[in-house]
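Chemist: structure for this input, please:
(2 chains)
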Amino acid sequence: MRYEAPTTSSEAAALLAAETGEAFVLAGGTDLLVRMKNLMVEPELVVDVKRIDAMRSIEATTDGGFRIGAAVPGIEVGEHEALGRAWPGVVEAVQLIGSDQIQGRCTIAGNVCNASPAADTTPALIAADAQVEIVGPKGRRTLPVASVATGPGKTSLAKGELVEAILLPPRPAHSGDAYLRFTPRTEMDIAVVGAAVSLTLKDGVITAARVALGAIAPTAIEVEAAAAAIIGSKLDDGAIAALVAACSAACKPIDDKRGTIEYRTEVAGVLAKRAAMIAFERAGGSR
Amino acid sequence: MKHDNSYTGQDFKVIGTRVKRPDGIDKVTGRARYGADASLPGQLVGRVLRSPHAHARIKAIDISKAEALPGVKAVVTADDMPVPEGLSGDLKHTLENSMARGRALYDGHAVAAVAAIDAKTARKALQLIEVDYEPLPHVTDVDAAMQPDAPVIHDWLYTSGVDPKPEKPSNVAQRTEFGLGDIDAGFAEADVVIERSYKTEATHQGYIEPHACLANIRPDGSGELWVTTQGPFVYRNVCAQLLGMDIAKLKVTSSEIGGGFGGKTHVWAEPVALALSRKANRPVKLVMTREEVFRASGPTSSTSMDIKLGATRDGKLVAARAEMRYGNGAFPGIWGMLSCMTSFACYEIANCKAIGYDVVQNRPKVAAYRAPSAPMAAFGVESAMDELAAAIGMDPVEFRLKNASKEGGQSHYGPVWGPIGIRATLEAVRDHPHMKAPLGPNQGRGMACGFWFNIGGQTCSDLNVGIDGTVTLTVGTVDVGGSRASLGLIAAEELGIPYEQVQVNIADTGSLGHNDMTEGSRGTFSSGMAAIFAARNTIEVLRERAAKMWGIPVEDVIWEAGQAKAKGSEHSNLPPLSLKDIAAKSPKTGGPIAGHNEVVADGAGVSFASHICDIEVDPETGATKVLRYTVVQDAGKAIHPDYVEGQFQGGAAQGIGWALNEEYIYGEDGRLQNPGFLDYRMPVCSDLPFIDTKILEIPNPGHPYGVRGVGETSIVPPLAAIGNALSNAVGVRMHHVPMSPPRILKALREDRRANRGPAKVA
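Modeler: Next up is the predicted model:
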């Protein structure tokens, strides 16, 4: 196995593109190193991106959004005050990954690119309408987070491409987001179901909303019908019931060691309801 | 010298104090050496190839390609581990469990192993071993394994304990029965009868340290084994017998142990490591992965039970029946029998019958786990006790108190009770402030009781006095939970010297006589007894030496408060001699000063516990949070209260995990679905409240200090205590452990559908 630690994204892309064997990007390593240790992967090349400056910081963008470098560990995301004010739901999703020790290493980009259906940050980022900025042999492109994972462990990134940053859009006034997941344990666990809601209010009425669910389908999904159910409402009981029904209807989960179809379908609605109520309150709404 | 083990009762000087444990600093700084922390020059890496099938005939194993790989020094299969002449019964099963012979009996069963110069080569070699399997029908569920049409796993297994002897083999290894009186008459007398069925899933002991050893067999056939174990002497005896070696020629050294809980009382890959070393003529280090630990070592039984209890309207238990079907994994054991013996021990029931079935299935061989078999039986009995108390309108604690076993009473499994603590623990629960604390919505409180036998057994220890008067106590039980500190206190107490003057040493098998496993909560009880007797023997020597130094008869010398004193007015001019004074002169008064004791430590005292827990259920997700937990248990005498409390807390924590989330999940293919800590969900620290403890001290008459074992009893009540709390919180009665969120949510859903009628079976 070859280990490389380039200092620019384009060098990293070139190394990945040139490798004929199995090649992996190493950011925090909290997924990759475990898989290597368990012999689930045996890479020929590992490209460590932690020395690439463009991937190391959280910046406010000129349009009022945020750019989170792909190698920024979760703990730094949690410590960024402005980001926490604008996108508390995204930040709380990061803070649910693993444990304190894991968050010292793990990254949002790694969580998204690992393409687990149960990734905690992915639903929160989809609800936030976040994009990823990709560098590859053919240059740069951006892609909605929802389009990165195509199935468990599979992404739409082409050979040689890697994520340089996560882009969060500017936040209008009276907006709020929230992410909740269900795990039997308080930490060191993987979501059985995850639900994220982001919304914006005008005069106490929801004018825009996005709802996303995790661990209930091969990839995290956006549930437009659930958003439509609460847009135009003050999150009254009828709107919540419609949101719950839309979320449960959107679930296509599996029965496995972590939960049953029946359980995931029911709890997806429960968590979406609770996340919507938290997001609504964070946006300044009152029911 | 023969010593009396009777309780003498005394005012202790250092017993009961909370001194520092001598192994603490090494353990928290990473300096302590565990199973994987030993190395020898030229050592190889051992790895095991395991069956991917739940049940398969091994038609052929071709190891030629693996053997030809550069760096591979040995490949072994069952052919390299022949059955020694005369080996039979459990030992023969243990050998077959460590290496499959002709058939793989469960997912994870070892079929071959390699020793190579490094891990990568060993891994490659495993891939080059070609095993030709013919998959066979399998059965993993205990009830399914008992069906007449179930695949019969062993054609030599005929049910014992039934009359007439069966004509055909089956998966039922034995039927056992214990009880008293006439249950038909008893149930006829009952005003209220509760009859319920329960299931519990298999759990793993979950020790953080995987099985690990370093085996070194020399060309002359002698050898040594460094290993994480609860009993180096038993490992030595078993490994030597499995490999056809002379027992004295194998020296086993126990490392520090990163948890065992019964799972390190059985050998697993150790015989394989020894066979690899023998064949390679090099030391071999073998460390099991976490996945291997789950697939191939020590789970508990999975169980299925029918419990029936009857009481009169005034709260007298008049009849009880339990039929308990315990999975044994691939080889027969005694787990169903233990469930019978523990099931009704807490109560005085004139008419009771406990029937146990031991059933083989295509799962790893079941191993002991902290009060083995008792937690499941208690889940059934204690759940039904709560339902019965409710049915006759009695407080569950009062109902249990009214029926609690008492001194002089006849237990259902044989012994007549001596002084026991069940009543005292119940009274302490009844009077505990926890019982009166307010509860919020969706919160509930439950309580339950538990029993464990505790054991004694063969024990041997040495006490040596250095020329500076410091003392080395050498014991043959492993320090699984602070016993170095406890045994150091005991030696200090007997000799009348400060604790700091004693060093406790855990012997390897070359340095001391045989000691049974550190199991059955016997470590402090048995080694404590041997330490007391060794110290008393040492005092005899000290008196002789003092007499010699003074030139007076030994009869005139007494030992008091750490000093030899000459008694009688004719010796009033002789100042006392301290241990240090006598030790300093020992080279000239007869040489080293030492005391030894070997004993079968009889007189183990049974132990009872009663637990209280508060939980909160999220009715929309089925999640349970444990809010508060209190353990009350009888310790006999708490030698070192910190480590007694630690045992109470550890048992409760493991029981809580078992109650709520831990389970072996098998697929239709008979393969284990969750062989790792991610999906085998043991609780993490933040899942548990601080577990409060109350130590009761009802002296055990069979130990000089009154000690009972304390290590196991507190894993027994939590399953039922949580089930009872759940029922009180949200009105559903759970009959299937673990009471995981999907099972609870399903029960709540069915309960709502039934429009809050009587509690439903889940």
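Chemist: which parts of chain B sit against chain A?
Modeler: Counting by CB under 8 Å from any CB of the partner chain, the positions of chain B adjacent to chain A are B:123, B:289, B:291, B:620-623, B:660-661, B:665, B:673-674, B:677-679, B:681, B:683-684, B:686-687, B:740-742, B:745-746, B:749. Where you see a C-beta, it was placed from the backbone N, CA and C, and this is true even at glycine.
Chemist: what about these, which are in helices?
Modeler: Using DSSP state H to define helices, the subset of those located there is B:Arg123, B:Glu291, B:Leu660, B:Pro741, B:Pro742, B:Leu745, B:Lys746, B:Arg749.
Chemist: by neighbours, which of those residues wins?
Modeler: The member of these surrounded by the most neighbours (other CB atoms under 10 Å in any protein chain shown) is B:Leu660, with 28 neighbours in all.
Chemist: so what's that one up against?
Modeler: The contact partners of B:Leu660, taken as CB atoms under 8 Å, 6 or more residues apart in numbering or on different chains, are A:Pro184, B:Thr624, B:Val626, B:Pro683, B:Ile722, B:Pro738, B:Met739, B:Ser740.
Chemist: in TSV: these, plus pLDDT.
Modeler: Below are those laid out as TSV (pLDDT from 0 to 100):
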residue	pLDDT
A:Pro184	95
B:Thr624	98
B:Val626	98
B:Pro683	97
B:Ile722	98
B:Pro738	98
B:Met739	98
B:Ser740	97
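Chemist: can you redo those residues as TSV with neighbour count and distance to A:Val197?
Modeler: Below are the contacts of B:Leu660 laid out as TSV (neighbours: other CB atoms under 10 Å in any protein chain shown; distance: CB to CB, whole Å):
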residue	neighbour count	distance to A:Val197
A:Pro184	22	23
B:Thr624	29	26
B:Val626	23	30
B:Pro683	22	30
B:Ile722	30	33
B:Pro738	23	31
B:Met739	25	30
B:Ser740	24	27
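Chemist: would you list those in JSON lines and tack on distance to A:Gly214?
Modeler: Below are these laid out as JSON lines (distance: CB to CB, whole Å):
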{"residue": "A:Pro184", "distance to A:Gly214": "16"}
{"residue": "B:Thr624", "distance to A:Gly214": "23"}
{"residue": "B:Val626", "distance to A:Gly214": "27"}
{"residue": "B:Pro683", "distance to A:Gly214": "24"}
{"residue": "B:Ile722", "distance to A:Gly214": "29"}
{"residue": "B:Pro738", "distance to A:Gly214": "24"}
{"residue": "B:Met739", "distance to A:Gly214": "25"}
{"residue": "B:Ser740", "distance to A:Gly214": "20"}
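Chemist: which among the residues you listed gets closest to B:Asp508?
Modeler: Ranking those by separation from B:Asp508, with CB to CB as the measure, puts B:Pro683 on top at 35.2 Å.
Chemist: surely that closest one meets B:Ala653?
Modeler: Yes - taking contact to mean CB atoms under 8 Å, the distance of 6.6 Å between B:Pro683 and B:Ala653 places them in contact.
Chemist: can you list the buried residues in the longest helix anywhere in chain B?
Modeler: Looking across chain B with DSSP H, the single longest helix is helix B:528-550. Of the residues in helix B:528-550, those buried by neighbour count under the rule 16 or more other CB atoms under 10 Å in any protein chain shown are B:528-539, B:541-550.
Chemist: now swap in stretch B:162-169 and tell me
Modeler: The neighbour-count check on stretch B:162-169 (16+ other CB under 10 Å) flags nothing as buried.
Chemist: any idea how far it is from the chain center?
Modeler: With CA atoms, centre = their mean, to the nearest Å as the basis, the distance from the averaged C-alpha position of stretch B:162-169 to the chain average is 33 Å.
Chemist: name the residues that touch that stretch?
Modeler: If you take CB under 8 Å, 6+ apart as the criterion, stretch B:162-169 is touched by B:Val152, B:His154, B:Asp155, B:Trp156, B:Leu157, B:Tyr158, B:Thr159, B:Arg175.
Chemist: which residues does the closest residue to A:Pro169 other than its chain neighbours contact?
Modeler: Distance criterion CB to CB, 6 or more residues apart in numbering or on different chains; nearest residue to A:Pro169, sequence neighbours excluded, is A:Gly65 at 4.8 Å. Contacts for A:Gly65 (CB under 8 Å, 6+ apart) come out as A:Leu167, A:Leu168, A:Pro169, A:Pro170, A:Arg171.
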